[in-house]
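Engineer: task: produce atomic coordinates for the following.
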Amino acid sequence: TIANSNPWLTLVRNGMQAKVKTMKGVDAQFEDAQDDIGRQLNHIQNFIAQKVDAIVVVTVDSQATPKMTKMATDAGIPLVYVNHPPGDKTLPAKVSFVGSNEVDSGTMQTKEVCRLLKGKGDILLIIGDLSNESALQRTQDVKDVIAKPPCDGIKIVDAQAATWSRTQAADLMNNWLSAGLKFDAVISNNDEMAIGAIQSLKAAGKMKKDTIVAGIDATRDALASMKDSIRGAVSSSEASTARLKALGIAVFDANEVENLSVYIDGADEIDGRGHMVKGGGAALTREKIVAALAQRFVCIADESKLVQ
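Structural biologist: From the prediction side, this is the model:
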């Protein structure tokens, strides 16, 4: 049972469905709670009545998860919470949570805004759902980062909830603009709300080249909305060149540019301590050239690259 069908959770659901197709003998039933906790609890009751082998929940309301945990535990059915952290203080046996570390996401987001603002400025904060642990933690991350140097010159002018919605965030941004609030950056708990804020800023003629709006998730829509702000890229492989051109992003030869804002690449291996390794060969030479041009180097690895 999934909280709603917003773009991010649709990606989560699609990922689950794709995985199920690769698992022999496994069938899955998906239900949309439509942000209604009563509906979601009914889903769980129905799953238990059907005697399913396991239940997966992207919760509507983290405060309701202790009840869900008890229902599944009493029925002896394994329960997995996904994406939205449960509100339980501890999880019993056969109950687990799979999701990102929200401290990392909100902290990284705010530190980047702090870097762009050089540690000083006024921000507007768009919060997800006040009943959701992810929204609460990401919001606390913002406050924690700006509470100490080098970011303690940043102040929150206003913070309001837009329940993860692009439309509600656009309306909220319009209200802030109508009220004449002055700000240097907008921080949003997710990309959908960031896009809504950007749409309102553009409609009001307030979206300038140096306007800072930060989101979380790197959804397809969010990345697509940034395409026009990217002059082009330098590629380190023929495959990457083809993908960039397919997205309509110009590809430059390394000799045509003096420097790059950021270089993003994947690691070949990562160990339990977070140490990453890049491979060798001719490709590495090209990667080194591109990396040498970059002001920042972001290296990415997933669980498939984990080594002991």
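Engineer: OK, contacts around the most centrally placed residue in the chain?
Structural biologist: Centroid check for the chain by Cα atoms, centre = their mean gives D217 as the closest residue, at 1.9 Å. Contact analysis of D217 by Cβ atoms under 8 Å, 6 or more residues apart in numbering lists W8, N190, D191, E192. Any C-beta I mention is one placed from the backbone N, CA and C, and that applies to glycine too.
Engineer: what is the burial count for the third one?
Structural biologist: This means D191. When neighbours are defined as other Cβ atoms under 10 Å, D191 has 24 of them.
Engineer: what pLDDT does it get?
Structural biologist: You'll see D191 listed with a pLDDT of 95.
Engineer: number the chain from 8, please
Structural biologist: Yep, numbering from 8; the last one is D198 now.
Engineer: my guess is it meets R227, correct?
Structural biologist: No: applying Cβ atoms under 8 Å, one finds D198 not in contact with R227, separated by 9.4 Å.
Engineer: for Q175, see how far away C121 is.
Structural biologist: From C121 across to Q175, the span is 26 Å (Cβ to Cβ, to the nearest Å).
Engineer: of these two, give the one with the bigger neighbour count.
Structural biologist: Using other Cβ under 10 Å as the criterion, C121 and Q175 rank with C121 on top: 22 against 17.
Engineer: surely the more buried one meets A154?
Structural biologist: No: if you go by Cβ under 8 Å, C121 and A154 don't touch, sitting 11.5 Å apart.
Engineer: tell me, how many residues neighbour G32?
Structural biologist: 4.
Engineer: how about the contacts made by it?
Structural biologist: With contacts defined as Cβ under 8 Å, 6+ apart, G32 has no neighbours.
Engineer: please apply the same query to V220.
Structural biologist: By Cβ under 8 Å, 6+ apart, the contact set of V220 is A192, V193, S195, A201, A204, I205, L208.
Engineer: grab the nearest non-local neighbour of it.
Structural biologist: Leaving aside its sequence neighbours, V220 sits nearest to V193 (Cβ to Cβ, 6 or more residues apart in numbering; 4.6 Å).
Engineer: how would you label that neighbour: helix, strand or coil?
Structural biologist: Secondary structure, DSSP: H, G, I helix; E, B strand; the rest coil: V193 is strand.
Engineer: and which of the contacts of D224 is nearest to V305?
Structural biologist: D198 (17.5 Å; Cβ to Cβ).
Engineer: distance check, that closest one against D228.
Structural biologist: D198 sits 7 Å away from D228, going by Cβ to Cβ.
Engineer: and if you look at H50?
Structural biologist: In terms of Cβ to Cβ, H50 sits 27 Å off from D228.
Engineer: between those two, which is the more surrounded one?
Structural biologist: Each of H50 and D228 has its neighbours counted (other Cβ under 10 Å); H50 has more, 21 against 14.
Engineer: ok, that one - contacts?
Structural biologist: With contact set as Cβ under 8 Å, 6+ apart, H50 has these partners: T8, E38, A40.
Engineer: okay but the first one is in contact with V64, surely?
Structural biologist: Think T8. Yes: if you go by Cβ under 8 Å, T8 and V64 touch, sitting 5.6 Å apart.
Engineer: shared neighbours of the two, anything?
Structural biologist: Q47, I51.
Engineer: the more surrounded of these two?
Structural biologist: Each of T8 and V64 has its neighbours counted (other Cβ under 10 Å); V64 has more, 26 against 22.
Engineer: which parts of this protein are strands?
Structural biologist: 62-64, 86-89, 102-105, 127-134, 160-168, 192-195, 219-221, 240-241, 258-259, 270-273, 276-277, 283-284, 304-307 (DSSP state E).
Engineer: so what does the last one touch, helix or strand wise?
Structural biologist: Same thing as strand 304-307. Judged by 3 or more Cβ pairs under 8 Å, 6 or more residues apart in numbering; DSSP states H and E, strand 304-307 is in contact with strand 270-273.
Engineer: V63 is in contact with M23, correct?
Structural biologist: Yes: the pair M23 / V63 is scored as a contact, 7.2 Å apart, by Cβ under 8 Å.
Engineer: measure the residue nearest to D278 when sequence neighbours are not counted to F304 for me?
Structural biologist: Of all residues not flanking D278 in the chain, V314 sits nearest, at 5.7 Å (Cβ to Cβ, 6+ apart). Computed with Cβ to Cβ, the distance linking V314 and F304 is 21 Å.
Engineer: higher neighbour count, these two?
Structural biologist: The neighbour count for V314 versus F304, taken as other Cβ under 10 Å, is higher for F304 (14 against 10).
Engineer: the more buried one reaches A298, doesn't it?
Structural biologist: Yes: F304 sits in contact with A298 when judged by Cβ under 8 Å, with a separation of 5.5 Å.
Engineer: distance check, V59 against T8.
Structural biologist: For V59, the distance to T8 equals 11 Å [Cβ to Cβ].
Engineer: wait, I meant Q302
Structural biologist: The gap separating Q302 from T8 is 44 Å, by Cβ to Cβ.
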